[in-house]
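>>> predicted model, plus sequence, below.
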Amino acid sequence: MAATRLIAMHGNKGKTIAQCLKDRTDYAKNADKTENGQYVSSYACNIDIVDKEFAASKDEYFRNTRRINPGDIIAYQIRQSFKPGEITPEEANQIGYETAMRFTKGNHAFIVATHTDKAHIHNHIIFNSTNLDCDRKFRDSWFIALALQRLSDLICLEHCLSVIIPKKPHERVKRTIYPDKQSHRDNIRNMIDDILERHIKDFDEFIKYLETYGYEIKLGKNIAIRGKDQKRFVRLNSLGKGYSEADIRQTIAGHPGEPNRNFDMLIDINRKMAQGKGKGYEHWAKLFNLKQVSAALVFLQDHNIRDYDELEKIASGNSDRFNQLSEEIKGKEKRLTEIAVLKTHIINYVKTKEVYVSYRKAGYSKKFYEEHREAIMLHKAAKNAFAELNVTKIPKVKELSAEYAGILAEKKKLYGEYRSVKKDMMDYQIAKQNIDQFLKIDAEQKEQNRNKKKYKDTDR
């Protein structure tokens, strides 16, 4: 999940363009927010001097065009926030980079700074309003924010992340899912798989099934077939391993009278369609194409999972472990934030201690307070923070730094397992979702058939 927002960055009164750019980029690159700059990337610019390069492009743009626009936009910022616990900083930065590159089409320099100081990981993407050729500027429009959100959604889907569901139908354009276009060879392979799952006695019966499916057969040294919408014949030997005449004969001979598949949890969608099972399967086929079903089948075969209960158990176990790791990482991040805050207050407390002691000795004089307002306020804030964090004995900054380093190392180690478990969880969930959807439609169709039969029997 990623919520995105596009922000136009204007110059501030009393500051030069260079100063404004430095303020914005320095905030984005803040070492405390990006784990010492570890999660800052860039395109077509130097991270260390990005503000100077952006400012120089403005001067070059003026020399090329002689245009001066009052209240001009000096840069744009994309804020991209992710669901807590769903993504790592590395992947968030990668997604931010892809978003910026595809949004600007590579025509504008940008930096991507991934902040990890909040409960939710988020990106600050700043791209130059002036293009790389310094002759045009980025054109904003009323629908650009919607285009950005849709692009971000698409990239999140490509990275197996969840996508924000719009609350109101009119707020977002309805997505249409188009199944991948099947080639003639893919269709032939799927059709052969379908036939071999039947009780095939010999190769002659296989040929008859080909004719039943509407294929024209060319017999000879190399058997070739052609469908109604094909211009040329396709030889079986050219379809790959498992689909040559010799492979098919061996499959039939090795498993006479039995389906050649050893995986019996799924029913092939092509066979269901051929048997005229109704519109339910047509609807299913539009949402989940044959490649997805095949991928789920191969995945479960590779992992030797033939039982639905086992699949459900593994998928649930991966999900539980993923959630557990997410909570552990959140706990580490919370403690890292506490340590960072505590270190700041300890430093402020030590620096302002003498001033505060003098303030007390002065009988809390208003005059003394006004003269040392900032130091006294910092000292009070530190004491309040200690009380909120239940700190009875102020720890040493060195000890906190050591604890911070240790927790940070533990968090990075957890992220390693987190990434692995996340991938496993997504793989099993995708396979399970495809099977669940198929079995649901299968059950609904069987129930409809039973009701039709019952109605016919009653009508008699």
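Received, thanks.

>>> C-alpha only now, for contacts and for neighbours.
Will do.

>>> count the neighbours of Ile125 for me.
Number of residues near Ile125 (other C-alpha atoms under 10 Å) recorded here: 26.

>>> ah, wrong one, I meant Tyr428
Counted with other C-alpha under 10 Å, Tyr428 comes out at 20.

>>> check which helix or strand covers the closest residue to it other than its chain neighbours.
What sits nearest to Tyr428 in space, not counting adjacent residues and going by C-alpha to C-alpha, 6 or more residues apart in numbering, is Ala315, at 5.4 Å. In this assignment (DSSP states H and E), Ala315 forms part of helix 308-361.

>>> which elements pack onto that helix?
Identification of packing neighbours for helix 308-361 by 3 or more C-alpha pairs under 8 Å, 6 or more residues apart in numbering; DSSP states H and E yields helix 373-388, helix 397-459.

>>> among those, which comes closest to Thr4?
For those, the distance to Thr4 is smallest for helix 397-459, at 23.2 Å, taking C-alpha to C-alpha.

>>> check contacts around Phe143.
By C-alpha atoms under 8 Å, 6 or more residues apart in numbering, the contact set of Phe143 is empty.

>>> got the phi and psi for it?
Here is the backbone geometry of Phe143 (degrees, to the nearest 10): phi -100, psi 0.

>>> is it correct that Ser81 falls within a helix?
No - assigned with DSSP: H, G, I helix; E, B strand; the rest coil, Ser81 falls outside any helix and is strand.

>>> please name the nearest non-neighbouring residue to it.
Excluding its sequence neighbours, the residue lying closest to Ser81 (C-alpha to C-alpha, 6+ apart) is His122, at 4.2 Å.

>>> so that neighbour makes contact with Gln80?
Yes - contact criterion C-alpha atoms under 8 Å: His122 and Gln80 qualify, at 5.4 Å.

>>> tell me, how many residues neighbour the residue nearest to Ser81?
Counted with other C-alpha under 10 Å, residues neighbouring His122 total 26.

>>> that one pairs with what?
Taking DSSP bridges as the rule, His122 bridges to Ser81, His115.

>>> list the buried residues in stretch 242-255.
By 16 or more other C-alpha atoms under 10 Å, the buried positions in stretch 242-255 come out as 242-245, 248-249, 251-252.

>>> before we move on, what about stretch 114-131?
114-117, 119, 121-131.

>>> and the least confident of those residues?
Of all these, Ala119 carries the smallest pLDDT score, 77.

>>> burial measure for the residue nearest to Tyr428, as a count.
Using other C-alpha under 10 Å, Ala315 has 20 other residues around it.

>>> what pLDDT does it get?
We have a pLDDT of 89 for Ala315.

>>> shouldn't it be in contact with Lys422?
No - Ala315 is beyond contact range of Lys422, at 11.0 Å (criterion: C-alpha under 8 Å).

>>> quick one: the helices in the stretch 201-350 of the chain?
Using DSSP state H, counting those that start in this stretch, the helices of the stretch 201-350 of the chain run over 203-212, 245-254, 269-274, 279-287, 290-302, 308-361.

>>> over to the stretch 1-150 of the chain?
17-28, 50-65, 89-104, 144-158.

>>> would you mind measuring from Ile376 to Ala362?
Distance, Ile376 to Ala362, by C-alpha to C-alpha, to the nearest Å: 13 Å.

>>> who has more neighbours, those two?
Ile376 (23 against 13).

>>> contacting residues for that one?
Contact analysis of Ile376 by C-alpha under 8 Å, 6+ apart lists 352, 355-356, 369.

>>> just the buried ones from these?
Judged by 16+ other C-alpha under 10 Å, buried ones among the contacts of Ile376: 352, 355-356, 369.

>>> got JSON lines for those, with distance to Thr4 too?
Shown next, in JSON lines, are the buried ones among the contacts of Ile376 (distance: C-alpha to C-alpha, whole Å):
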{"residue": "Thr352", "distance to Thr4": "41"}
{"residue": "Val355", "distance to Thr4": "46"}
{"residue": "Tyr356", "distance to Thr4": "45"}
{"residue": "Tyr369", "distance to Thr4": "45"}
